[in-house]
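Participant: dropping the sequence and predicted coords here.
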Amino acid sequence: MMALKVATRDREVLIDPLFQAGRGFWLLVTFLLLVIGWGVAMYVRQVWSGLGVTAMDRPAYWGLYMVNFIFFIGISHAGTLISAILRVTGAEWRRPITRIAEAITAFALVVGTFQILFDIGRPDRLLYVFWYGRLQSPLLWDAFSVTAYFLGSLTYLYMPIIPDAALIRDNLPENAPGWRKLLYRMLALGWQGTPTQWLRLEKLIAIMAVLIIPVAVSVHTIISWILATTVQPGWHSTVFGPYFVIGAIFSGIAALFIAMTLARRAMHLESYITEKQYRNLGYIFITMAAVWFYFTYAENMTSAAGQLKEEWPVLASKLWGQYAATFWPMVLLMFIAFWVLVFPSFASRSWQRVPIFRPRFALSSAVTSALLLGVLTIPQTRPVLTSIDPVVSRQTLIVLTTIFGFLAGVTILPWLKEHLVEGTVIASACVVIGMWLERWNIIVPTMTHPRLIGNSAYAPSLTEWSLFGASLALFVLLFIIFFKLFPPVSIWEVVEGRVLDRAQEKVVVPMPESTRTPASAHAGFGDD
Amino acid sequence: MARWSMVIDLEKCVACQGCSIACRFENNTPVVSQELALEERAMRWNDVFPMPHGEVGEFPNTKTHYMTRPCMHCENPPCIKVCPVQATYIDDEGLVRQNYARCIGCRFCTVACPYGVRYFNWYAPQFDPDLAQHLNPDRVEGKGVLEGPSVRPKGVVEKCTYCVHRLQKAHAQAEAEGREFRPDEYMPACVQTCTGKARFFGDLDDPNSTVSKLAKSKRAFRLLEDVGTQPKTIYLQEGE
């Protein structure tokens, strides 16, 4: 039996750190466990006394748990869908980020499924969904599609781990504990890297990549149908299926950007995850942002134009009623994300010679704009500018807010152009929060504007926020434990990529009417 | 088979809430504390409420329209379509029923019902000690079945059943006496108690029943006809 070999630099960066845990790691784990422990206590209390400990009521029968369910399942579209599409389309730059993407999928699905457990009144009867399932109910479709997606993405996460587990098995450091040896030996399934094994694995991964795409699309479509198949105002919409899928991929990419940046920083993967990944995935991100704006506009414009008796109050509550405080921040965050991703390309390096194009100037403009916005939107007991007529002062404030906001956006552009990674993370944070707000804006306004019940309000209780916090903590905990067991980058895929690159370098492609020298001719090709 | 229907004449209704009280005692619906009621956790299988935006005229010349609302027992109920476990279903006689032993408490039906007739047990029901000794002993119970006035566990959905236990008792009595069951042997508690005799109950399939005749009245309408649920609770609008 021949041991598999791994390059020294891969071993030092990807394998050895799996067997070292610093104080920071344990501190983080302890903190996360405390948050989860608090959540468990709150959940036990909820099961003990009933769902009355939440702020849900009649008519707001669904609340934060449902919002989080849709949000987490949305996040789960990061991985499998993206890595599957990139695999199928042969995007070479995907190689270092597929593992992180697939891990997000699996763990977001675990956490998302927990939201259902939080939400139902009789968690002890959860399995009735399978015993007594009615095929006509969208919830049953959801149970099936989420289960299929979870099993599928676990398989899809595991298959590329087989060669890596074999690599670790054969390159264990001295201090590796016995159970880890056993773990990798078992997970490697006797992998020896023979041509037959490679052929089988590549074939399986290719099949799985194609199969998982329709499942992923069905998952979020069906979640939207839970809402769209009812006749409730604001939900009964044909656009919901594609709108939710787009939103899911959008938030998934954002989560992937954040996770891969954190992993890159924490595990020193700068030589694996490069700006190329940020740039190329960024293009898909920008496309999703544009499509998201299109769908949001299409969805709300038709309601606004129709002015139906029941639908219109729901939209009005978002535009200038009690939910304006969550609707407009969503729009603003998405706009900021779009700006941060797209507009730096229009900036030129020469701008930096002008002293206002500085981050600190941009930051102070942004703060000024935010303060003015606060004065505008927070109800004031006295007129702000007593000497000026209220209407004029309001108009002045709107103009000033816009000017300062625009200034902040423009003056930050050269910095953003220089800092691609930081800029992408800022945009991703905006999108993750924005997408959470979108879910909120879909669930809660409709719930509080039913037909025959007077309008009500809903603000989540401590229990609901605690379980949200615990869910996030569980997500992070699963993530960091997973990456203490398995390399964050799929080693064999990256090595395979290197081999392909080397082979490609040897090919000289003649360029028609090229003014370049043959030596640099290939520079225009490939992913450089 | 009968197709049970209720007709409510809003001209005769004085909004006394007698129907709500009769319903509460007939069906063992717990009275919740004032705090819980303010949190909108009250159970009102049969509700009497002012119509939202139903106020017409300018003060002092205003009029508020009151609505009294049991379950609509729709012929095309949105609630049973979404239930993942068939805890709510429509039976042979057109009653939309709710099985508390099956319900998983997902509240999809409460969300799907456009009338808001469905209520969720946020906590285990609590009865005042004196009331607790006078609960309605009628039960609709069996293997995996708990319906009607049987006391509900926490975490399940409940709703108006048109007093399905009364129907079962009437059927049982007719069978015990070895005769045909007559539709006039059964009516829900709210119909029986109605102060203004504004409620009528009967078989919609019988063209000569009171409800069939009233359903053909020019004043007859159904709540939210545009959502396509085809309610079997029919209203007669105010005014001759």
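Facilitator: Good, I have the coordinates.
Participant: per-residue pLDDT, the residue lying closest to A:T448 once chain neighbours are set aside?
Facilitator: Leaving aside its chain neighbours, A:T448 sits nearest to A:S456 (5.0 Å; criterion: Cβ to Cβ, 6 or more residues apart in numbering or on different chains). (Each C-beta comes from the backbone N, C-alpha and C, glycine too.) pLDDT recorded at A:S456 is 83.
Participant: can you check A:I207 too?
Facilitator: Value listed for A:I207 in the pLDDT field: 91.
Participant: repeat for A:V384
Facilitator: 60.
Participant: repeat that for B:G18.
Facilitator: On pLDDT, B:G18 comes in at 94.
Participant: wait, it touches B:C194, no?
Facilitator: Yes. Using Cβ atoms under 8 Å, B:G18 is in contact with B:C194, at 6.5 Å.
Participant: between those two, which is the more surrounded one?
Facilitator: Using other Cβ atoms under 10 Å in any protein chain shown as the criterion, B:G18 and B:C194 rank with B:C194 on top: 22 against 17.
Participant: could you pick out the longest helix of the chain?
Facilitator: All of this is about chain A. helix A:195-228 (DSSP state H).
Participant: not quite, go with chain B.
Facilitator: Chain B, longest helix under DSSP H: helix B:164-176.
Participant: CA atoms only for it, dumped as CSV, please.
Facilitator: C-alpha atoms of helix B:164-176 as CSV (Å, rounded to 0.1, in the frame of the first residue of the first chain):
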residue,chain,number,x,y,z
VAL,B,164,-70.3,18.6,15.9
HIS,B,165,-70.9,16.7,19.1
ARG,B,166,-74.6,17.7,19.1
LEU,B,167,-74.9,16.3,15.6
GLN,B,168,-73.3,13.0,16.7
LYS,B,169,-75.6,12.8,19.7
ALA,B,170,-78.6,13.4,17.5
HIS,B,171,-77.5,10.7,15.1
ALA,B,172,-76.9,8.3,18.0
GLN,B,173,-80.3,9.0,19.5
ALA,B,174,-82.1,8.4,16.2
GLU,B,175,-80.2,5.1,15.8
ALA,B,176,-81.0,4.0,19.3
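Participant: what is the helix or strand following the longest helix of chain A packed up against?
Facilitator: Once the chain leaves helix A:195-228, the next helix or strand it forms, by DSSP states H and E, is helix A:240-267. In terms of contacts (3 or more Cβ pairs under 8 Å, 6 or more residues apart in numbering or on different chains; DSSP states H and E), helix A:240-267 is packed against helix A:64-75, helix A:79-88, helix A:98-119, helix A:195-228, helix A:275-306, helix A:420-447, helix A:462-485.
Participant: now the second one and helix A:98-119, what's the angle there?
Facilitator: Computed by axes from the mean of the first three to the mean of the last three Cα atoms, to 10 degrees, the angle separating helix A:79-88 from helix A:98-119 equals 150 degrees.
Participant: OK, contacts around whichever residue of the stretch 301-450 of chain A sits closest to chain B?
Facilitator: Closest approach between the stretch 301-450 of chain A and chain B, counting by Cβ to the nearest Cβ: A:P450, at 5.8 Å. For A:P450, the contacting residues are A:59, A:232-233, B:114, B:116, by Cβ atoms under 8 Å, 6 or more residues apart in numbering or on different chains.
Participant: circling back: buried stuff in the longest helix of chain A?
Facilitator: A:197, A:201, A:205, A:208-209, A:212, A:215-228 (16 or more other Cβ atoms under 10 Å in any protein chain shown).
Participant: and the angle for that helix with helix A:64-75?
Facilitator: Here helix A:195-228 runs at an angle of 140 degrees relative to helix A:64-75 (the same axes, to 10 degrees).
Participant: tell me the mean pLDDT over stretch A:102-122?
Facilitator: 94.
Participant: touching the biggest strand by length in chain B from outside, list them.
Facilitator: Of all segments of type strand in chain B, defined using DSSP state E, the longest is strand B:47-56. Strand B:47-56 is contacted by residues A:452-455, B:15, B:17, B:19-20, B:62-69, B:117 when judged by Cβ under 8 Å, 6+ apart.
Participant: so which of the helices and strands packed on helix A:240-267 has the densest surroundings on average?
Facilitator: Compared across the helices and strands packed on helix A:240-267, helix A:64-75 shows the largest average neighbour count, a mean of 26 (mean count of other Cβ atoms under 10 Å in any protein chain shown).
Participant: give the other helices and strands that that one contacts.
Facilitator: helix A:98-119, helix A:195-228, helix A:240-267, helix A:420-447, helix A:462-485.
Participant: can we see that at 6 Å?
Facilitator: helix A:98-119, helix A:240-267, helix A:420-447 (3 or more Cβ pairs under 6 Å, 6 or more residues apart in numbering or on different chains; DSSP states H and E).
Participant: confidence score at the residue nearest to A:I481 when sequence neighbours are not counted?
Facilitator: Leaving aside its chain neighbours, A:I481 sits nearest to A:V29 (7.8 Å; criterion: Cβ to Cβ, 6+ apart). On pLDDT, A:V29 comes in at 95.
Participant: how far is the host helix or strand of A:A337 from where the chain is centred?
Facilitator: Secondary structure assignment for A:A337, by DSSP H and E: helix A:324-342. Here helix A:324-342 is found 16 Å from its chain centre; the criterion is Cα atoms, centre = their mean, to the nearest Å.
Participant: would you map the helices across chain B?
Facilitator: B:18-26, B:34-38, B:78-82, B:108-112, B:129-132, B:164-176, B:189-193, B:210-215.
Participant: got TSV for the helices and strands packed on helix A:64-75, with distance to A:G190 too?
Facilitator: Output for the helices and strands packed on helix A:64-75, formatted as TSV (distance: least, Cβ to Cβ, whole Å):
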stretch	distance to A:G190
helix A:98-119	22
helix A:240-267	28
helix A:420-447	40
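Participant: hang on, the earlier thing: of the contacts of strand B:47-56, buried ones?
Facilitator: With neighbours counted by 16+ other Cβ under 10 Å, the contacts of strand B:47-56 contain buried members at A:452-453, A:455, B:15, B:17, B:19-20, B:66-69, B:117.
Participant: from the residues you listed, which is closest to A:I85?
Facilitator: A:N455 (42.5 Å; Cβ to Cβ).
Participant: now do the contacts for the closest one.
Facilitator: A:H449 (Cβ atoms under 6 Å, 6 or more residues apart in numbering or on different chains).
Participant: ok, and the residue lying closest to A:G405 once chain neighbours are set aside, which helix or strand is that part of?
Facilitator: Nearest non-adjacent residue to A:G405, counting by Cβ to Cβ, 6+ apart: A:S369, 4.1 Å away. When elements are assigned from DSSP H and E, A:S369 belongs to helix A:359-377.
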